[in-house]
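Student: Sequence below, structure please.
(4 chains)
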There are 2 protein chains.
Amino acid sequence: MHSQFTIDCVILSFDNGTLQVLLTERNEYPYKDWWSIPGYFVDKYEEMEDAVYRICHEMTGLKNIYMDQLAAFAGVKRHPEGRILTVAYLAFVQYDSIKSKIKPVSTYMKQAKWFAINDLPDLAFDHLEIINKSLGRLKNTISYSASLYELLPEKFTLTQLQLLHEAILGKTLDKRNFRKKINTLGYLKPLDEYQKGVSYRAAKLYKLDKRKFHKVIGQG
Amino acid sequence: MHSQFTIDCVILSFDNGTLQVLLTERNEYPYKDWWSIPGYFVDKYEEMEDAVYRICHEMTGLKNIYMDQLAAFAGVKRHPEGRILTVAYLAFVQYDSIKSKIKPVSTYMKQAKWFAINDLPDLAFDHLEIINKSLGRLKNTISYSASLYELLPEKFTLTQLQLLHEAILGKTLDKRNFRKKINTLGYLKPLDEYQKGVSYRAAKLYKLDKRKFHKVIGQG
DNA sequence: TTTAATAGTGTAATAAATACACATTATATT
DNA sequence: AATATAATGTGTATTTATTACACTATTAAA
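Tutor: Alright, predicted model coming up:
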């Protein structure tokens, strides 16, 4: 007999100019062989915060990811075996730093794989609804803000940052105005390093200055 | 045997320059005789949206209130009879239009009563945490926005509106600048009516022009 | 008629957002 | 060596929004 409720994790990343979501291929009924966002039952005496990390690790191999609660979903018909409430969490991770580590630890999932957000397979349960809600949250709460930088490599170009904003907001931005804005925020540190392996002028790399970031954010 | 989870409702209002929350006095164990936000168990085959309205009505006598999901709370120790997850919802209502209707329908609660948000009694379960989370949500998402107007009477003065903003933001605002801002938004309709029963110059009344509001909001 | 209490109003200064186009640089190709 | 390609990096003028700031007008009550 399973416990009362499950946790499901929307794990987003950014690559190739597109938002990516990490899906797992189920190895158990219901929805065996379907793609789903990683999730599982919470243990009886387990705090949700602990469960999120455990489940995320077991289903994808990923560890130490910061997750925020998104919402609870409890549609009567969402689960074919009876109404099971799930609490969805949302996390942002850097695509490159994580690619090699993705592999389920448990046998409950067959594999874990990134999918571009606008090219998703059919999904188990109400997981498409959960993903859509995540995208809404992303759009409303984090443009020009904190956790955004979890989606980029540690060192990134301003063009990458702009593409990320564009992907989230669903519209193009003016390059000069974007850079001006970024500058006034004042918490990006330019490095003495440049992009490598491109067949055109290499762009300067930047990283988030966390010290300054927290100063700026602490105020408003 | 109760179903898997509960719903709790944070019902906020505004009166006397202060945010108010509707609490119910429990008539059952655990926490018998304690004040709590109204809530109860969701039925096995009941959609959450339906349960919210049913529970809110049974516990407070209020009907037809629009509620937004706030978050799920599931601390292992939050409920003395074992971990019970609750999904908290948040609603805004007009203080005056509702005062007389507040009276529990079920006997599960003894009475329902408004409390000023900064003068709360001890609360059952983790309900203080839930209320605090509501206030954070209110602050982050609705200044100069929609559901705010649910907290005011249909016809209100600009000073009332300003006091509401100040209560939510926890700081004072400049009267002229506030009115200028409100004006540029353009969805408040001035009426040919004035405040009554005050012993000083009566203020003009305004109401929300929902048509214009949706136009403005629809864009950004 | 005076007092008390709140309503209602404008301007100047600063900061932020927008619109808009071209020279620069690194690599690859011939 | 010269050229083509593809993306980087930069400035100014205009409009819009935000901030700071103080007095007169109106009403009811004393």
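Student: Bridge partners for residue A:71, pull those for me.
Tutor: In this entry, residue A:71 is beta-bridged to residue A:88, by DSSP bridges.
Student: What distance do you get for it to residue B:46?
Tutor: Residue A:71 sits 18 Å away from residue B:46, taking Cβ to Cβ, to the nearest Å as the criterion. Any C-beta I mention is one placed from the backbone N, CA and C, and that applies to glycine too.
Student: What of residue A:205?
Tutor: Going from residue A:205 to residue B:46 by Cβ to Cβ gives 54 Å.
Student: ok, now residue A:130?
Tutor: On the measure of Cβ to Cβ, residue A:130 and residue B:46 end up 21 Å apart.
Student: next one: residue A:85
Tutor: For residue A:85, the distance to residue B:46 - Cβ to Cβ - is 12 Å.
Student: ok, now residue A:31?
Tutor: 24 Å.
Student: For the helix or strand hosting residue A:189, which outside residues touch it?
Tutor: Following DSSP states H and E, one finds residue A:189 within strand A:188-194. Strand A:188-194 is contacted from outside by A:155, A:182, A:202, A:203, A:204, A:205, A:206, A:207, A:208, A:209, A:212, using Cβ atoms under 8 Å, 6 or more residues apart in numbering or on different chains.
Student: Quick one: those residues as CSV, columns for pLDDT and neighbour count too.
Tutor: Output for the contacts of strand A:188-194, formatted as CSV (pLDDT from 0 to 100; neighbours: other Cβ atoms under 10 Å in any protein chain shown):
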residue, pLDDT, neighbour count
A:155, 95, 16
A:182, 93, 17
A:202, 95, 13
A:203, 97, 14
A:204, 97, 13
A:205, 97, 20
A:206, 97, 19
A:207, 95, 16
A:208, 95, 19
A:209, 93, 15
A:212, 89, 14
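Student: Which ones among these map onto strands?
Tutor: Under the assignment DSSP state E, the contacts of strand A:188-194 contribute A:204, A:205, A:206, A:207, A:208 to strands.
Student: Residue A:107: which of those is nearest?
Tutor: Nearest to residue A:107 out of the ones in strands among the contacts of strand A:188-194 is residue A:208 (Cβ to Cβ; 37.7 Å).
Student: what's the neighbour count on the closest residue to the closest one other than its chain neighbours?
Tutor: Nearest residue to residue A:208, sequence neighbours excluded (Cβ to Cβ, 6 or more residues apart in numbering or on different chains): residue A:149, at 4.6 Å. Residue A:149 is flanked by 21 other residues according to other Cβ atoms under 10 Å in any protein chain shown.
Student: What residues of the longest helix seen in chain A count as buried?
Tutor: In chain A, assigned by DSSP state H, the helix with the most residues is helix A:127-141. Residues A:127, A:130, A:131, A:133, A:134, A:135, A:137, A:138 are the ones in helix A:127-141 that count as buried (16 or more other Cβ atoms under 10 Å in any protein chain shown).
Student: Then stretch A:64-74?
Tutor: A:65, A:67, A:69, A:70, A:71, A:72, A:73, A:74.
Student: Now for residue A:202: which residues touch it?
Tutor: By Cβ under 8 Å, 6+ apart, the residues touching residue A:202 are A:194, A:195, A:196.
Student: in chain A, which spans are strands?
Tutor: Under DSSP E, chain A gives strands at A:5-15, A:18-26, A:35-36, A:39-41, A:67-73, A:85-92, A:109-116, A:188-194, A:204-208.
Student: any chance of those in JSON lines, plus distance to residue A:164?
Tutor: Shown next, in JSON lines, are the strands of chain A (distance: least, Cβ to Cβ, whole Å):
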{"stretch": "strand A:5-15", "distance to residue A:164": "5"}
{"stretch": "strand A:18-26", "distance to residue A:164": "8"}
{"stretch": "strand A:35-36", "distance to residue A:164": "24"}
{"stretch": "strand A:39-41", "distance to residue A:164": "26"}
{"stretch": "strand A:67-73", "distance to residue A:164": "18"}
{"stretch": "strand A:85-92", "distance to residue A:164": "10"}
{"stretch": "strand A:109-116", "distance to residue A:164": "14"}
{"stretch": "strand A:188-194", "distance to residue A:164": "13"}
{"stretch": "strand A:204-208", "distance to residue A:164": "13"}
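Student: right, so of the ones you listed, which gets closest to residue A:217?
Tutor: Comparing these by Cβ to Cβ, strand A:204-208 comes nearest, at 11.2 Å.
Student: on contacts alone, who are the packing partners of that closest one?
Tutor: Strand A:204-208 sits against helix A:158-169, strand A:188-194, with contacts defined as 3 or more Cβ pairs under 8 Å, 6 or more residues apart in numbering or on different chains; DSSP states H and E.
Student: what angle separates the shortest one from helix A:158-169?
Tutor: Okay, so that is strand A:188-194. Per axes from the mean of the first three to the mean of the last three Cα atoms, to 10 degrees, the angle that strand A:188-194 makes with helix A:158-169 is 130 degrees.
Student: Smallest gap between chain A and DNA strand C, at which residue?
Tutor: residue A:201 (3.0 Å; Cβ to the nearest atom of the strand).
Student: What confidence value was assigned to the residue nearest to residue A:87 when sequence neighbours are not counted?
Tutor: Ranked by Cβ to Cβ, 6+ apart and with sequence neighbours excluded, the top spatial neighbour of residue A:87 is residue B:72, at 4.6 Å. Listed pLDDT for residue B:72 reads 98.
Student: Show me what the longest helix of chain A is packed against.
Tutor: Going by 3+ Cβ pairs under 8 Å, 6+ apart, helix A:127-141 lies up against strand A:5-15, strand A:18-26, strand A:67-73, strand A:85-92, helix A:158-169.
Student: Send me it as CSV with only the CA atoms.
Tutor: Coordinates of each C-alpha in helix A:127-141 appear next as CSV, following Å, rounded to 0.1, in the frame of the first residue of the first chain:
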residue,chain,number,x,y,z
HIS,A,127,2.0,16.1,-16.5
LEU,A,128,1.5,18.3,-19.5
GLU,A,129,-0.7,20.6,-17.4
ILE,A,130,2.0,20.6,-14.7
ILE,A,131,4.7,21.6,-17.2
ASN,A,132,2.5,24.3,-18.6
LYS,A,133,2.0,25.7,-15.1
SER,A,134,5.7,25.7,-14.6
LEU,A,135,6.3,27.8,-17.7
GLY,A,136,3.7,30.3,-16.5
ARG,A,137,5.5,30.6,-13.2
LEU,A,138,8.8,31.0,-14.9
LYS,A,139,7.5,33.8,-17.0
ASN,A,140,5.8,35.6,-14.2
THR,A,141,8.4,35.5,-11.5
